[in-house]
Each structure stands twice: as C-alpha cells, then as structure tokens.
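Student: predicted coordinates and the sequence they were generated for:
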Amino acid sequence: MVALRKQPPARMTLAEFFAWDPDDASVRHWQLIDGEPVAMAPAAENHGALQAEIGALLRNHLRAGGRRCRVISEAGIIPRIRSDRNYRIPDLVVTCAPPTGGLMVAEPVLVIEILSPSNEVETWANIWAYTTIPTVTEILIVSSTKIEAELLRRRPDGAWPEEPARVDAGGILTLDSIGYDVVLDEAYSTTSLN
C-alpha cells in the first residue's frame with residue numbers, strides 16, 4: 001500500500017501555521033503567504049554559494065565595525081500588512097535588535113533575496129511584502145544567473161522608489177543601512193559566474 005502525502009491546509013492564520021506539524025519531511029522550510037502554506041524549494045548551487053558569501057561578507061563587516069547588528073540566514077519575518085496571515089523567509093536579514101531565540105527576527109533593517117529563474121514571481125511578491133515592515137530601510141535583490149543586483153532604498157520621507165537602483169559587474173554596492181560598500185563581484189567569488 002502506498003501512503004499518500006497529506007496536503008497542507010488550504011488557509012490558516014499565523015498562530016495555526018506555528019502550531020502546524022507538516023507531514024512532508026522533504027520540505028525544509030515553509031512560508032505562509034496570505035494564509036496559504038507554501039513549500040520552499042531547495043537552493044541551487046549558485047544560490048547557496050551567494051547566500052553563504054554575502055552572509056560572510058556582511059558578518060565580517062558588522063564584526064569589524066563593532067556594530068551590534070547581525071546577519072541571519074533564512075530568518076522568518078512578518079510583513080506589517082496582513083500580519084496574521086503572512087510569514088516570509090528571505091535568504092538573509094540584518095537586524096540590530098537583540099537576539100530573542102524566537103521564530104521571527106525582530107526589527108529587520110536590511111533584507112536580501114537571491115533571485116533565481118524558478119522563484120522570480122514568488123521572490124518579487126515577498127519583496128513587496130517586505131516594504132510594509134517599518135524598520136526595513138533597504139532590500140537587496142541579487143541575481144543567481146549573472147553578476148547583477150538591484151537595491152531598493154527607503155527615502156527619508158518613508159516612501160520607496162518606483163524602480164530599484166541597479167549594480168552591474170564591477171560596480172560598487174552601497175548599503176547605507178549598515179554603512180557598507182563592496183565591489184559586487186566579491187559576492188560571486190564562490191559561484192560559477194566568477
């Protein structure tokens with residue numbers, strides 16, 4: 001007899017999502033998107049290498065500067081809009097809030113997503129959700145198929161730009177939220193794109 005996998009519930013609240021015990025052990029992470037549990041696909045090699053390298057670069061910068069901020073991989077964050085039905089997991093988050101040991105990162109200031117061809121629609125939907133978080137001042141979107149990044153930076157009046165600023169190969173990436181400048185190519189040093 002073949003055991004059939006139980007489908008996740010069609011809709012749930014954030015509290016139900018945290019109490020939920022998914023049967024599918026093959027899925028490492030689940031997000032809650034507008035009340036619907038959505039499985040996250042495993043990362044391809046370039047995606048994973050970018051995530052690790054960017055995380056290391058940011059960690060080293062934060063430590064060298066003596067800042068109390070920290071970078072967290074695959075951290076759960078909750079958008080402000082429909083917060084009772086959303087739990088998103090970006091690739092990297094920087095927060096300056098003290099650790100809580102909880103399921104969510106408090107007060108993210110910088111959110112980083114690595115864009116892959118297979119997750120482009122979902123990633124951009126998450127990015128728009130991140131703009132609703134009052135503490136987020138920058139969102140970095142890094143391509144996994146070419147040396148290129150896009151940066152959304154909140155304006156002093158609190159508004160977001162209509163279009164992200166683009167940084168190409170050889171360009172300087174400036175992250176004002178943590179006072180960091182780096183040649184974008186450094187993030188790609190362990191990928192097949194270097």
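Tutor: Nice, thanks for sending it over. Numbering: from 1, shown residues only.
Student: residue 192: neighbouring residues, count only.
Tutor: Residue 192 is flanked by 10 other residues according to other C-beta atoms under 10 Å. From N, CA and C alone the C-beta is placed, and that goes for glycine too.
Student: excluding chain neighbours, what is closest to it?
Tutor: Leaving aside its sequence neighbours, residue 192 sits nearest to residue 46 (C-beta to C-beta, 6 or more residues apart in numbering; 6.0 Å).
Student: which SS class is that neighbour?
Tutor: Following DSSP: H, G, I helix; E, B strand; the rest coil, residue 46 is assigned to helix.
Student: what is the neighbour count of it?
Tutor: By the measure other C-beta under 10 Å, the count of residues near residue 46 is 19.
Student: distance of it relative to residue 80?
Tutor: Using C-beta to C-beta, to the nearest Å, residue 46 is found at 32 Å from residue 80.
Student: repeat that for residue 119.
Tutor: Using C-beta to C-beta, one obtains 23 Å as the distance from residue 119 to residue 80.
Student: kindly check the end-to-end length of stretch 142-162 for me.
Tutor: In stretch 142-162, first residue to last residue: 18 Å (C-alpha to C-alpha, to the nearest Å).
Student: contacts for that stretch next, please.
Tutor: Residues external to stretch 142-162 that are found in contact with it (C-beta atoms under 8 Å, 6 or more residues apart in numbering): 44, 46-47, 50, 54, 112-117, 127, 131, 136-141, 164-169, 173, 175-176, 184-185, 187-188, 191, 193.
Student: how about 6 Å then?
Tutor: Residues outside stretch 142-162 that contact it (C-beta atoms under 6 Å, 6 or more residues apart in numbering) are 46-47, 50, 114-116, 131, 137-141, 164-169, 184-185, 188, 193.
Student: same check on stretch 82-98?
Tutor: Against stretch 82-98 from outside (C-beta under 6 Å, 6+ apart): 13-14, 29, 31-32, 34-35, 51, 55, 68-69, 71-79, 105-114, 126, 129, 178.
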